[in-house]
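Colleague: Any chance you could fold what I've pasted below:
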Amino acid sequence: MRVKPGLLVAYILTSCGAFAQLREADPDWKESEAPTPPAFRTDRTIALEMPRHVTTRLGVDPQTIRITDDGIVRYVMVATNAATDSVNASYEGIRCLTGEVKVYARYSSAGAWRAVPNPEWKQLNGNQPSLHAFAFARQGACDGRAATGGSVADIVSRLKFPSRDQLKN
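Modeller: Numbers count the residues shown, from 1 in each chain. Alright, predicted model coming up:
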């Protein structure tokens, strides 16, 4: 099937407009304060399915996943270098309603958390250096514009037992 360029442009503009309306749907929305990053363990992470070109092992420690009353799924993403076994992590939040991610803190192989100064919400499918947040949203955290099932148990279940639809990119 061949798509006409004019239709493609119209689709993109409509999508952008729909997103702008989504963001403005609740102008009084306020994010709850993010707590300090929770402790994590590499031996209990659930691996994410990532594209073949990604050589770092990425996973979420299920014990760190929280769904807040304001609709944010917060978690620790653990990145392990396959060659050196060095570990880095980030404490992040996904807002499924708007398709955004925020990084609150980073953990280095030196063994300490460092808060991200002035963390900002960024598009999940935007121009990010890593696709891990988008992968986590699709593979477990989000079900459309809401947190999966509204419970951590549902998110963990989707991560452990993905359906074929979740893994399509």
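Colleague: In the chain, where is pLDDT below threshold?
Modeller: 1-25, 127-130, 164-169 (pLDDT under 70).
Colleague: can you give me the helices for it?
Modeller: Along the chain, counting by DSSP state H, helices occupy 5-24, 132-136, 152-160, 164-167.
Colleague: contacting residues for the residue nearest the centre of the chain?
Modeller: Geometric centre of the chain, nearest residue: residue 133, 2.9 Å, by Cα atoms, centre = their mean. Shown in contact with residue 133 (Cβ atoms under 8 Å, 6 or more residues apart in numbering): 77, 92, 94, 101, 124. Where C-beta positions appear, they are placed from N, C-alpha and C, glycine not excepted.
Colleague: Tell me which of those residues fall in strands.
Modeller: Counted as lying in strands by DSSP state E, out of the contacts of residue 133, are 77, 92, 94, 101.
Colleague: Chain neighbours aside, what residue packs nearest to the first one?
Modeller: When you say that, I think you mean residue 77. Nearest non-adjacent residue to residue 77, counting by Cβ to Cβ, 6 or more residues apart in numbering: residue 90, 5.1 Å away.
Colleague: Any idea how many residues pack against that neighbour?
Modeller: Residues near residue 90, counting by other Cβ atoms under 10 Å, number 21.
Colleague: For residue 136, see how far away it is.
Modeller: Relative to residue 136, residue 90 is positioned 11 Å away (criterion: Cβ to Cβ, to the nearest Å).
Colleague: any common contacting residues for these two?
Modeller: In contact with both residue 90 and residue 136: residue 77, using Cβ under 8 Å, 6+ apart.
Colleague: Sounds good, over and out.
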